[in-house]
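Predicted model and sequence below, questions to follow.
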Amino acid sequence: MLTRAAFAARRAEIDALNVYPVPDGDTGTNLYLSLDAALDAVRTEHEKAGILGAATLEQECSALARSLLLTARGNSGVILSQLVRGFAEAIAESGSEQAGAEIIADGLERASQRAYASVTRPAEGTILTVARAAAQAGAAAVDRGLVAVAEDALDAATEALRATTAQLPALERAGVVDAGAAGYLLLLEALARVVHQDGTHVGERMEVFADDSMRRREDWSQVGGVVEPTGATGGAPTGEGDLTLGGPAYEVMYLLRDTDEERVATLTTTLDGLGDSLLVVGGPDLWNVHVHVDDVGAAVEAGIEAGRPYRVRVTHFAVAGGGDDAGGRDRAGAGKPAATVGVVACAAGPGLAEVFEEAGALVVASGPGRRASAGQLLDAARAAHALEVVVLPNDGDTVMAAEAAASAAEQEGVTLHVVRSRTAVQGLAALAVFDPTASGSRNATQMSHAAAATRHGAVAIASKQALTSAGPCEAGDVLGAVAGDVVIVGSDLEEVAIDVVARLLSSGGELVTVIGGADAPEGLAEGLGLRIERGHRDVEVSVIQGGQPHYPLLLGVE
């Protein structure tokens, strides 16, 4: 409860660690909403079981770990779920009703290990670094008792948080600390306060937020979004994990038993070298493995070396240039009727929701400040009543939640295919090629191709002074972005938008999509569409009133 209260009180400050001068960063909000919903879910679960107020420590921790995975919002929420899982495992294995120095130290270590294991290619200067520092300090203090473990872990995490600024180029350029790591520090502070019971022995550890040296506005230059680097949250700056033309030809999935953490770690390393879209989650008794590869035999053999794989499923991606057999059928499903496939799409505004619904998708409201959780996406997938469901996150910070939902759905016999659409325009492009008569894997491949081929831009109003890659900006300036990077600082929404469109069309294009936001002046999107048509006679223009917050205009070129 202390951690929930801390997240509630500090979420705005953590959200403010957004180096992009548009108020769409919500790491703090994601952490709070994730934990808040998980605690409510545990209460409901225990009420139904008749153990509310009487659950054991192990039951409380295990239930929270399960619930948090499903309520996790954004990348930070997913990693938080793994940190909590580490603590839960330490407590469950101890069998104790009281967590002493050794159990808490073990929990800190397991939390760090789980966080690192959730990321295919970890990056230092993130929440992972802070979790490891806390674990090392806690282990070193075991002989001095529980208070020492909690305080030393908190002290080490505080210093590690300050050091994150110099560990990642994005953080150093902006002069900020990592947002997710700052959230974990709040959890550790709550732990220390509980250990002291009255909290009087633990000082205020969040002064780093107030220290202007940690957030030097004149040094801000990173414009990629919330300081939650993609290398630390399951992806890579180059879009690692997306299905692309010329990429791996097969999807391999299996469940794995009779293994251990060490062998699973070796398996993860092996599969990472074989392909992409790698996801290895679960434990300690059952693991779910998913990877895209060209060498199916090597992927399965790696599983055999790690343990006992079963329910092995191999799907061939029927991509252009030889994906089908001589009869023109997908070799993975030759002669079989097409499976029923549904689509779940996230939408940041009512207009976008209407467009996705008209195209046949089940819509989940999701946007800055209220991003969809894994549980919400899983509920929508269940509501689709299909054996296979394609999920369109339409936001980079919802991709991990979608992948967590896919992992949970697998246990229910429902297959979720996550198309890594990072913007609404990519989601619209993906949905335009959806074929209800094709299999889920084939749809996922084609829809991923369409999303990846869509160049995207945006126009927004700067909310604060900053140094962007296009030069300095002041509050109220108009910012034009291409692929998330500010390339224009101007004063007129339409003129900046015309410049962004010209850049998007510089390498060709047939269709321009203009999406008007909730704060766009009346007639802006329509007027822009007419100007684009007059200036580019060879392209088609589609204008949508999306109603999304923060961005008066979203732009896409296919």
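Yep, it's here. Numbering: from 1, shown residues only.

only C-alpha atoms for contact and neighbour calcs from this point on.
Will do.

What is the helix or strand that contains Met253 packed up against?
Counting by DSSP states H and E, the element that carries Met253 is strand 250-257. Contacts defined by 3 or more Cα pairs under 8 Å, 6 or more residues apart in numbering; DSSP states H and E place strand 250-257 against strand 287-293, helix 296-306, strand 308-316.

Export only the CA atoms of the first one, formatted as PDB.
Below are the C-alpha coordinates for strand 287-293, written out as PDB (Å, rounded to 0.1, in the frame of the first residue of the first chain):
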ATOM      1  CA  TRP A 287       8.300 -21.800 -19.900                       C
ATOM      2  CA  ASN A 288       6.700 -20.500 -23.100                       C
ATOM      3  CA  VAL A 289       9.100 -20.100 -26.000                       C
ATOM      4  CA  HIS A 290       8.400 -18.100 -29.200                       C
ATOM      5  CA  VAL A 291      10.900 -17.100 -31.900                       C
ATOM      6  CA  HIS A 292      11.000 -16.400 -35.600                       C
ATOM      7  CA  VAL A 293      13.800 -18.300 -37.400                       C
END
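
What pairs with it, parallel or antiparallel?
Note on strand 287-293: by DSSP bridges, its sheet partners are strand 250-257 (antiparallel), strand 275-282 (antiparallel).

and that strand with helix 296-306, angle?
150 degrees (axes from the mean of the first three to the mean of the last three Cα atoms, to 10 degrees).

Please identify the deepest-packed of the helices and strands packed on strand 250-257.
Comparing those by mean neighbour count (mean count of other Cα atoms under 10 Å), strand 287-293 comes out on top with a mean of 23.

before we move on, the earlier item: mean pLDDT for the strands paired with strand 287-293: which is lowest?
When these are ranked by mean pLDDT, strand 275-282 comes last with a mean of 70.

which helices and strands does the helix or strand where Leu185 lies pack with?
Using DSSP H and E, Leu185 sits within helix 179-196. When contacts are defined as 3+ Cα pairs under 8 Å, 6+ apart, helix 179-196 packs onto helix 2-15, helix 27-49, helix 127-140, helix 146-167.

which residues touch stretch 82-89?
Stretch 82-89 has contacts (Cα atoms under 8 Å, 6 or more residues apart in numbering) with 58, 61-62, 64-66, 69, 104, 106-115, 118.

I meant to write stretch 292-304 there.
Here stretch 292-304 makes contact (Cα under 8 Å, 6+ apart) with 248-252, 256, 267, 270-271, 274-278, 309, 314.

ok so, going back, from the contacts of stretch 82-89, list just the buried residues.
The neighbour count (16 or more other Cα atoms under 10 Å) marks 58, 61-62, 64-66, 69, 104, 106-115, 118 as buried among the contacts of stretch 82-89.

moving C-terminal of the strand holding Met253, what's the next helix or strand?
helix 261-274.

Put the alpha carbons of stretch 424-439 into CSV.
Extracted in CSV, the C-alpha atoms of stretch 424-439 (Å, rounded to 0.1, in the frame of the first residue of the first chain):
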residue,chain,number,x,y,z
ALA,A,424,-2.1,5.0,-35.3
VAL,A,425,-1.2,5.4,-39.0
GLN,A,426,0.8,2.2,-38.9
GLY,A,427,-2.2,0.4,-37.3
LEU,A,428,-4.5,1.7,-40.0
ALA,A,429,-2.2,0.6,-42.7
ALA,A,430,-2.0,-2.9,-41.1
LEU,A,431,-5.7,-3.2,-40.7
ALA,A,432,-6.2,-2.3,-44.4
VAL,A,433,-4.6,-5.5,-45.5
PHE,A,434,-6.3,-7.8,-43.0
ASP,A,435,-7.8,-10.9,-44.6
PRO,A,436,-10.4,-12.7,-42.5
THR,A,437,-10.1,-15.8,-44.6
ALA,A,438,-6.4,-16.2,-44.0
SER,A,439,-4.7,-17.6,-40.9
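
in the protein, which helix or strand is least confident?
Ranking every helix and strand in the chain by mean pLDDT, DSSP states H and E puts helix 207-210 at the bottom, with a mean of 40.

any idea of the mean pLDDT for stretch 419-435?
The average pLDDT within stretch 419-435 is 94.

got it, and stretch 149-156?
94.

Next: stretch 481-501.
95.

what's the closest non-adjacent residue to Asp36?
Distances taken as Cα to Cα, 6 or more residues apart in numbering put Arg4 closest to Asp36, at 6.3 Å, once the chain neighbours are dropped.

I misspoke; the intended subject was Val264.
Ala306 (6.3 Å).

Distance of that neighbour relative to Val541?
Distance check for Ala306 against Val541: by Cα to Cα, to the nearest Å, it reads 52 Å.

what do you get for Ala192?
From Ala192 to Val541 the distance is 57 Å (Cα to Cα).

and if you look at Leu2?
To Val541, Leu2 is 52 Å away according to Cα to Cα.

For these two, indicate the residue with more neighbours.
Ranked by neighbour count (other Cα atoms under 10 Å), Leu2 and Val541 place Val541 first, with 21 against 14.

Can you pull the phi/psi pair for Thr56?
phi -70, psi 170 (degrees, to the nearest 10).

Could you report the neighbour count for it?
Thr56 has 16 neighbours, counted by other Cα under 10 Å.

Tell me who's in contact with it.
The contact partners of Thr56, by Cα under 8 Å, 6+ apart, come to Glu97.

Then Ala475?
Taking Cα under 8 Å, 6+ apart, we find Ala475 in contact with 461-465.

can you check Ala453 too?
Residues near Ala453 by Cα under 8 Å, 6+ apart: Glu558.

ditto for the one 5 residues further on
Remark: with contacts taken as Cα under 8 Å, 6+ apart, Ala458 is in contact with 480-482, 484, 497, 500, 551, 553-555.

Low-confidence stretches in the stretch 1-150 of the chain?
Along the stretch 1-150 of the chain, the model assigns pLDDT under 70 to residues 18-25, 74.
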